[in-house]
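Participant: Got a sequence here, can you model it:
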Amino acid sequence: MNAATATTRRTKERKRGSDQKQGAIEPVLRVRNLEVTYFTDAGRARALDDVTFSLRPGEKLGIVGESGSGKSTLALAMMRMIKPPGRIEGGEVFVGGTDLMALGDRAMREARLGKISYIPQGAMNSLNPVMRIGAQMEDAVRAHMPDEKKPQIVERCMAALKSVDLARSAFRMFPHELSGGMKQRVCIAIGILLQPQVIIADEPTSALDVVTQRQVMETIDRVQKQINAAVILIGHDMGLMAQFVDKVAVMYAGRLVEVATVRDMFTGPRHPYAKALISCLPNLDNKGVFQGIPGLAPSLLRLPAGCTFHPRCAEVMDRCRVKRPDAETLSDDRVVTCHLYSGNTKK
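Facilitator: So this is what the prediction gives:
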């Protein structure tokens, strides 16, 4: 074997070892073909339409889109918290090796907080106003660990409060004694009490000032790294997304129209709707000029035929009006649902 052949062989072995190492990190969250429908007096509204994505441990995904695009419905569906007239009509949500959609009611209650947790939008509405913070945290632990002794439960709660930069005195306080940012951090503390594998944060900074927003986001970022959980961040603030997430998913009318790394999304979005969203962001080159997306998001009760975005799309083609586009995998980190890329799926 000559030197050139040996070098080539070592290079191939290193590449193969690197590929095996990357492939060893299995997704902790796998959502497949998730569908949610609301049955109303006015008709049938499909709020989630064939949603599919995955996340690895420690990865952060930001979900963006206009109001009514299905972001919060996706979060509630993953938690199995869709209430009538809504119904989960199909799909799978695997956390680790467990399909949450196949669990019974009791097993699903144990999975909430234990495997997957939800930090709700508007902490002031999610905490019980007549119970002390500590009592609410203890209830959450006791529901999952009925045999745990009180001193161990209290210590677990104190550790969670410390991890979100709250003093031990907050344990004895009522929600009205805390500021908005402190209440939001209490919700984060409750969400990580049992060290879940997946954390869903539904617009956790929507009612906070910009300084407190950053503090809350840094708290989520820090505790996520401590427990190596996958995080889904739902929101409208593209600036926050750019700073805190690894991947961005754009939703429109119940579908994921593009999923890409945060760098690729902000430097080269592919889907026309993602391009329009990014172009709406203010920048120093066009000071004082604000650009919007023409038209309105469609009613879920009366979705247009073909691609649901075609009435507002600047790159619309004839087939967009009649044929629904399929999701095209352009690379390992980019999926686009658009006819512009039909046939470009990575082999």
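Participant: where do the strands sit along the protein?
Facilitator: Along the chain, the stretches classed as strands by DSSP state E are 29-40, 43-55, 60-64, 86-95, 98-99, 116-119, 198-202, 230-234, 247-252, 255-261, 327-331, 334-337.
Participant: closest to residue 170 out of those strands?
Facilitator: Comparison of the strands of the chain against residue 170 by CB to CB identifies strand 116-119 as nearest, at 16.7 Å. (C-beta placed from N, C-alpha, C; glycine too.)
Participant: starting at the chain centroid, how far to that closest one?
Facilitator: On the basis of CA atoms, centre = their mean, to the nearest Å, strand 116-119 is displaced by 10 Å from the centre of the chain it belongs to.
Participant: ditto for stretch 270-284
Facilitator: The offset between the C-alpha centroid of stretch 270-284 and the centroid of the whole chain comes to 20 Å, using CA atoms, centre = their mean.
Participant: Could you identify which of the strands of the chain has the lowest mean pLDDT?
Facilitator: Mean pLDDT per stretch puts strand 327-331 lowest among the strands of the chain, at a mean of 90.
Participant: Going by neighbour count, which residues in it are buried?
Facilitator: Along strand 327-331, these residues count as buried under the neighbour rule (16 or more other CB atoms under 10 Å): 327-328, 330.
Participant: How about stretch 272-283?
Facilitator: Neighbour-count burial for stretch 272-283, counted by 16+ other CB under 10 Å, picks out 272-278.
Participant: now do stretch 311-320
Facilitator: Using 16+ other CB under 10 Å, the residues of stretch 311-320 that count as buried are 312-313, 316, 320.
Participant: Between the two ends of it, how far is it?
Facilitator: Using CA to CA, to the nearest Å, the end-to-end distance of stretch 311-320 comes to 9 Å.
Participant: Now do the same for that stretch: mean pLDDT, whole number.
Facilitator: Averaged across stretch 311-320, pLDDT comes to 93.
Participant: I'd assumed residue 234 was in contact with residue 199.
Facilitator: No: counting by CB atoms under 8 Å, residue 199 does not reach residue 234; the two are 11.5 Å apart.
Participant: ok, the residue nearest to the spatial centre of the chain - contacts?
Facilitator: With distances taken as CA atoms, centre = their mean, residue 232 lies nearest the centre of the chain, 2.6 Å away. Applying CB atoms under 8 Å, 6 or more residues apart in numbering, one finds that residue 232 lies in contact with 55, 60-63, 75, 198-201.
Participant: Mind pulling up the pLDDT for the residue nearest to residue 110 when sequence neighbours are not counted?
Facilitator: Leaving aside its chain neighbours, residue 110 sits nearest to residue 144 (6.1 Å; criterion: CB to CB, 6 or more residues apart in numbering). You'll see residue 144 listed with a pLDDT of 92.
Participant: shouldn't residue 144 be in contact with residue 113?
Facilitator: Yes: taking contacts as CB under 8 Å, residue 144 lies within contact range of residue 113: 6.2 Å.
Participant: Neighbour count for those two, which is higher?
Facilitator: Residue environment comparison for residue 144 versus residue 113 gives the larger neighbour count to residue 113, 20 against 15, counting by other CB atoms under 10 Å.
Participant: Could you measure from that one over to residue 28?
Facilitator: Separation of residue 113 from residue 28 (CB to CB, to the nearest Å): 16 Å.
Participant: How about residue 302?
Facilitator: 38 Å.
Participant: Kindly report the same for residue 41.
Facilitator: Computed as CB to CB, the residue 41 to residue 28 distance reads 40 Å.
Participant: Which of those two has more residues huddled nearby?
Facilitator: residue 28 (21 against 5).
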